[in-house]
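*Asks:* Okay, sequence plus prediction incoming.
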Amino acid sequence: MPRPVSVLIASLCFAIVAASAASAASAASAASAARSTAQRALSGARPAPVPAAGRPVNTSHPSRVVGHGTAASCTSAAVVAAVRTGGIIRFSCGPTPVNITMRTTAKVRNTSPQVVLDGGGLVTLSGDGRRRILYMDTCDPAQVWTTSHCQDQASPRLVIQNLTFADGNSTGQSFDGGGGGAIFDRGGRLRIVDSVFAGNRCERDGPDIGGAAVRALSQYRDLPVYVVNSRFTGNACSNGAALSSIGVSWTVLNTRFINNHAVGNGANPAQSGTPGGGSGGAIYNDGDQMTLTIAGSVFEGNHANEGGGAIFFVSDDRTGTMRITDSTLRGNPSDRFHTPGLPGIYFLGARRPAITGSVLR
């Protein structure tokens, strides 16, 4: 039976509206993509492909959930208990962003095969300027020794994703050299994806201490720590205000380092009459055979009192290598020294860093 004209007209109108809405959505999506592309173009960084080892973990079936749907239910004690138990951890703290002030440091037990913390983009863990936020050390007997080779074991695998760490402070924490205001990790594997580190602190001086945001040591089989699609801003420590390590390799992809500061004085080894430190405004890498791979990333406004306003990389046996691709390093002053022709970088390694498609100024 033929449909009434009114129905045909209504159907036609609906189709036109639907098509218009789809077109608008497509245009909005295209505009958003264009803005993202434009922002990347302005920054001089082109997004880098991310290998499987650097991608987020599927957390659709969590082992445990922190909170019961409200901000008040998401407590420091709940976070500490979840991390201690391990597994895949998500948060249920309500539909709006929530800040969880940590009353004690959350510590990974070395008996956990993996610990995945997924904040869903809504959760901030705060150290309140008083304490380290998250700790893992396979060589700490208080967290249980699980192998005879704690400095080179496959687990725990610690993954941080969609989470903010703010105002962590590891000052005074000296076990295994200290550092790591937001995260200290020795052993196993560490991965950081889609996360933010802001306003974290560690010791203000010392020749080899560092990592206001992240301090990493002894990764399994010398595999790299992946830092992907993340942001480090306003962190400060003696050395390496964002990332600091000894003998660890890093792969840093599509990440921004803004206004991080190495505030020590006297370099490493410490000059006579100084406490030492002050190198690597954003990144401090020291050790022997190691790699630093940076792609699609931006370093801007970072500062070092000594060397490497953006990056300090010293391979003591001159076997280490660095590669920078499709990235921008801009306005990262080094007050005392840098490698000629590499503004913001101090480098000693096997050969001059391989730099392609990048801007350094």
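*Replies:* Structure received.

*Asks:* Please count neighbours and contacts with C-alpha atoms only from this point.
*Replies:* OK.

*Asks:* Could you pull out the helices in the chain for me?
*Replies:* Counting by DSSP state H, one finds helices in the chain at the ranges 5-43, 76-85.

*Asks:* Pick out the shakiest of those, pLDDT-wise.
*Replies:* Of all these, the minimum mean pLDDT falls on helix 5-43 (a mean of 36).

*Asks:* and T291, how many neighbours does it have?
*Replies:* T291 has 23 neighbours, counted by other C-alpha atoms under 10 Å.

*Asks:* gap between it and G344?
*Replies:* Separation of T291 from G344 (C-alpha to C-alpha, to the nearest Å): 18 Å.

*Asks:* And stretch 157-176, what's buried?
*Replies:* 157-171, 173 (16 or more other C-alpha atoms under 10 Å).

*Asks:* end to end, how far does it reach?
*Replies:* 19 Å.

*Asks:* same check, this time on stretch 271-284
*Replies:* Counting by C-alpha to C-alpha, you get 18 Å between the two ends of stretch 271-284.

*Asks:* Same check on stretch 337-348?
*Replies:* So stretch 337-348: terminal residues 13 Å apart, C-alpha to C-alpha.

*Asks:* Run the chain-centre distance for it.
*Replies:* Per C-alpha atoms, centre = their mean, to the nearest Å, the displacement of stretch 337-348 from the mean C-alpha position of its chain is 23 Å.

*Asks:* neighbouring contacts of it?
*Replies:* Identification of contacts with stretch 337-348 by C-alpha atoms under 8 Å, 6 or more residues apart in numbering yields 306-316, 318, 329-334, 353, 360-361.

*Asks:* In PyMOL, select just the buried ones from these.
*Replies:* To isolate the buried members of these in PyMOL, using 16+ other C-alpha under 10 Å:
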select buried, resi 306+307+308+309+310+311+312+313+314+315+329+330+331+332+333+334+353+360
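
*Asks:* In strands, which of the contacts of stretch 337-348 fall?
*Replies:* Using DSSP state E, the subset of the contacts of stretch 337-348 located in strands is I311, F312, F313, V314, S315, L329, R330, L360.

*Asks:* can you tell me how far S315 sits from I89?
*Replies:* 37 Å.

*Asks:* for T75, same thing?
*Replies:* 14 Å.

*Asks:* the more surrounded of those two?
*Replies:* Between T75 and I89, counting by other C-alpha under 10 Å, I89 is the more crowded of the two (21 against 18).

*Asks:* what is the more buried one paired to in the beta sheet?
*Replies:* R64, L117 (DSSP bridges).

*Asks:* do R191 as well
*Replies:* What pairs with R191, by the bridge criterion (DSSP bridges), is V159, Y226.

*Asks:* That one: neighbouring residues, count only.
*Replies:* Quick note: R191 (other C-alpha under 10 Å) scores 22 neighbours.

*Asks:* Ok, G94 next?
*Replies:* Residues lying near G94 (other C-alpha under 10 Å) number 16.

*Asks:* ok, S73 touching F91?
*Replies:* No - using C-alpha atoms under 8 Å, S73 is not in contact with F91; the gap is 9.9 Å.

*Asks:* Between the two, which has more neighbouring residues?
*Replies:* F91 (23 against 15).

*Asks:* Excluding sequence neighbours, find me the nearest residue to T59.
*Replies:* Nearest non-adjacent residue to T59, counting by C-alpha to C-alpha, 6 or more residues apart in numbering: I88, 6.4 Å away.

*Asks:* Quick check: the two most widely separated of the ones in strands among the contacts of stretch 337-348?
*Replies:* The most widely separated members of these are S315 and R330, with 24.0 Å between them, by C-alpha to C-alpha.

*Asks:* got the contact list for the residue nearest to T59?
*Replies:* T59, H61, P62, S63, R64, Q114, V115, V116, L117, D118.

*Asks:* Rebuild those residues as a markdown table, extending it with distance to A295.
*Replies:* Output for the contacts of I88, formatted as a markdown table (distance: C-alpha to C-alpha, whole Å):
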| residue | distance to A295 |
| --- | --- |
| T59 | 26 |
| H61 | 31 |
| P62 | 31 |
| S63 | 33 |
| R64 | 34 |
| Q114 | 27 |
| V115 | 27 |
| V116 | 25 |
| L117 | 25 |
| D118 | 24 |
